[in-house]
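S.K.: I need the structure of the sequence given here:
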Amino acid sequence: MNGKTVTAVLIPAQIEQPLETRQVAGFADIQQLADLVIPVDIESRGVTMWLDADDRRNGLQMNLRASSLRWLWSAETRRLPALHGDVLLVGDVGSTLAIGDVPASLVQELLHGGPYEVGYRRTASRGWQTHPDLHATYTAAAFWAMYLLERDPALHETRVRAVSPSSG
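M.R.: You can find the predicted model right below:
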């Protein structure tokens with residue numbers, strides 16, 4: 001990467017640890033997560049999640065926040081197993097070994113935004129409704145969105161949105 005660093009977001013498996021930005025210079029920095037890492041592309045958000053390829057076999061703790069984000073952002077992954085261990089989020093530039101910055105708007109949402117609300121639709125043809133609870137972080141709202149979707153078979157889809165100061 002010619003010495004250039006990009007902004008990444010570390011999503012720790014330990015829920016008590018906050019998400020944090022990291023400067024990453026390339027694949028060698030990503031590989032500090034584990035001996036063998038694998039990419040999980042989330043095309044809808046233009047990012048790639050890097051994680052330990054042997055996450056479950058190594059008995060790593062489930063990463064509830066990274067799993068919830070993956071399931072929220074990529075509906076086709078909702079029946080795939082949860083992610084385990086720390087996850088590094090980088091910008092996707094269309095090449096497996098090249099990385100880019102996590103979009104600034106996404107960094108803002110994940111680390112500095114809030115509060116957030118969860119919206120849901122019961123069918124594809126109906127409008128959005130809003131769940132009454134507010135969530136301090138985007139990842140907490142993402143978890144709740146996936147929880148609602150899993151628990152209520154009548155729901156068609158969910159979304160997470162920032163609450164504007166004038167509507168709160």
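S.K.: Hmm, Ala154 is touching Arg122, no?
M.R.: Yes - the criterion here is C-beta atoms under 8 Å, and Ala154 meets it with Arg122 at 5.3 Å. For every residue, glycine as well, the C-beta is placed using N, CA and C.
S.K.: So the two - more neighbours on which side?
M.R.: Remark: of Ala154 and Arg122, Arg122 carries more neighbours, 14 against 8, as counted by other C-beta atoms under 10 Å.
S.K.: residues touching the more buried one, list them.
M.R.: Going by C-beta atoms under 8 Å, 6 or more residues apart in numbering, Arg122 touches 129, 154-156.
S.K.: Just name the closest of the residues you listed to Ser67, please.
M.R.: Nearest to Ser67 among the contacts of Arg122 is Leu155, at 18.5 Å by C-beta to C-beta.
S.K.: Just list what the helix or strand harbouring Arg22 packs against, helices and strands only.
M.R.: Assigned by DSSP states H and E, Arg22 falls within strand 20-24. With contacts taken as 3 or more C-beta pairs under 8 Å, 6 or more residues apart in numbering; DSSP states H and E, strand 20-24 sits against strand 6-11, strand 87-92.
S.K.: can we see that at 7 Å?
M.R.: If you count contacts as 3 or more C-beta pairs under 7 Å, 6 or more residues apart in numbering; DSSP states H and E, strand 20-24 packs onto strand 6-11.
S.K.: average model confidence for the strand it packs on?
M.R.: For strand 6-11, the mean pLDDT works out to 95.
S.K.: Output the contacting helices and strands for that strand.
M.R.: Packed next to strand 6-11, using 3+ C-beta pairs under 7 Å, 6+ apart, are strand 20-24, strand 87-92.
S.K.: okay, the ones you listed, which one's buried deepest?
M.R.: strand 87-92 (a mean of 24; mean count of other C-beta atoms under 10 Å).
S.K.: what angle sits between that strand and strand 6-11?
M.R.: Orientation of strand 87-92 against strand 6-11 (axes from the mean of the first three to the mean of the last three C-alpha atoms, to 10 degrees) gives an angle of 150 degrees.
S.K.: Let's see strand 87-92 as CSV, backbone CA atoms only.
M.R.: Listed next in CSV are the C-alpha coordinates belonging to strand 87-92 (Å, rounded to 0.1, in the frame of the first residue of the first chain):
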residue,chain,number,x,y,z
VAL,A,87,-13.5,-8.2,13.8
LEU,A,88,-11.7,-5.5,11.8
LEU,A,89,-13.9,-3.4,9.4
VAL,A,90,-12.1,-1.9,6.4
GLY,A,91,-13.3,-0.1,3.3
ASP,A,92,-13.9,-2.4,0.3
